[in-house]
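Enquirer: Take a look and give me a structure for this.
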Amino acid sequence: MCPKPQSKLPLSVIIITHRQDQRFYQAQKSAQFAQEVLIVKPTQPISDFAQVRNQALKQAQHNWVLFLDSDEIIDAQSIAQLKTLLTNPDVQAYTLKRTDVFLNQALTAGEAYQQHLIRLMKKQAAHFQYQVHEQAVVKGLVQTSNLQLWHYAHQSLADFWQKITYYAKLKAQELTKENFSKSKLIWQLLTYPPAKFINNFFIKQGFRDRWRGLVYATMMSLHSLMVRIYLYELKKSPSAT
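Expert: Got it, this is the predicted structure:
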């Protein structure tokens, strides 16, 4: 007798992607437990991630929605827990644990180790804010879950550098809306990048990942530096791109 196939869970998984590589196919495959897998493919480079997520949220067919990035997979052992979580009427959203896999090894420390992100939410109870590094805002109770995401973000150092410069430009554009004096910007330029490195490598113990931890902390420090450099250019010449 053939085993009875498991029924799919009544939720929508949304994957926003600009890629068609192996990471995307792995993400899509890991989401097949859901009744709806909604693939959103922006026609232009994304400049406002919150806006794209909010638009995708409106397209979901189910009350419960799980956002999965195109370079992430949900751990297979987490799927069994989802059925119970979806039946709790008092909870409007859950956080998931996300761990970065950097150059073929899962990080065990630093800012990328087990971030807790709101990714599972009721459609009508949530929306996203911030142009870059967007965050979910939920009306109602948010609980922590043990659901695990694996994040395969950076396949090479060149890939890492390309991403931090892209996100740094978007963050700088977002910060132009704030009131930055020249002295404040120069102070941040001098202090934020080294503080970022110290926080990542020492305080959050990135050194435990040895050379990977050193590279990651250095790259995130450079990201902080690039944000302020781009912001300085935009403040000096608003027409700069």
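Enquirer: So in this protein, which helix runs the longest?
Expert: helix 210-236 (DSSP state H).
Enquirer: Show me what that one is packed against.
Expert: Here helix 210-236 touches strand 91-102, helix 157-175, helix 182-198, going by 3 or more C-beta pairs under 8 Å, 6 or more residues apart in numbering; DSSP states H and E. Every C-beta, even on glycine, is put in place using the N, C-alpha and C of the backbone.
Enquirer: Tell me the strands beside the first one, with direction?
Expert: Applying DSSP bridges to the sheet, strand 91-102 is found paired with strand 105-106 (antiparallel), strand 115-122 (antiparallel), strand 141-151 (parallel).
Enquirer: you'd agree Gln81 is in a strand?
Expert: No. The assignment for Gln81, made by DSSP: H, G, I helix; E, B strand; the rest coil, is helix rather than a strand.
Enquirer: Of the helices and strands packed on helix 210-236, which stretch is the most buried?
Expert: Neighbour counts (mean count of other C-beta atoms under 10 Å) averaged over each of those peak at strand 91-102, with a mean of 21.
Enquirer: domains of this protein?
Expert: 9-151, 157-236 (automatic domain parsing).
Enquirer: can you tell me which of the helices and strands packed on helix 210-236 comes nearest to Tyr25?
Expert: When those are compared by C-beta to C-beta, strand 91-102 sits nearest Tyr25, at 16.1 Å.
Enquirer: picking that back up, of the strands paired with strand 91-102, which stretch is the most buried?
Expert: Note that of the strands paired with strand 91-102, strand 115-122 is the most buried (mean count of other C-beta under 10 Å), with a mean of 20.
Enquirer: Below-threshold pLDDT in the protein: ranges please.
Expert: Scanning the chain for pLDDT under 70 picks out 1-6, 238-241.
Enquirer: change it to 90
Expert: 1-7, 18-20, 43, 114, 153-155, 177-182, 235-241 (pLDDT under 90).
Enquirer: Ok, which of the strands paired with strand 91-102 comes nearest Gln162?
Expert: Using C-beta to C-beta, these put strand 141-151 closest to Gln162, at 16.7 Å.
Enquirer: which residues touch that closest one?
Expert: Outside strand 141-151, the residues that touch it by C-beta atoms under 8 Å, 6 or more residues apart in numbering are 68-69, 71-75, 77-78, 81-82, 85, 88, 90-101, 106, 112, 116-120.
Enquirer: Could the C-alpha coordinates of that strand be exported in CSV?
Expert: Taking C-alpha atoms only, strand 141-151 is exported to CSV below (Å, rounded to 0.1, in the frame of the first residue of the first chain):
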residue,chain,number,x,y,z
LEU,A,141,0.4,39.4,19.5
VAL,A,142,3.7,38.3,18.1
GLN,A,143,5.2,35.1,19.5
THR,A,144,8.7,33.5,19.1
SER,A,145,8.8,30.2,17.3
ASN,A,146,11.4,27.5,16.8
LEU,A,147,11.0,27.6,13.0
GLN,A,148,14.4,27.7,11.3
LEU,A,149,15.5,29.4,8.1
TRP,A,150,18.8,28.8,6.5
HIS,A,151,20.1,31.8,4.6
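Enquirer: so Tyr230 sits right up against Lys169, yeah?
Expert: Yes. Tyr230 is within contact range of Lys169, at 5.4 Å (criterion: C-beta atoms under 8 Å).
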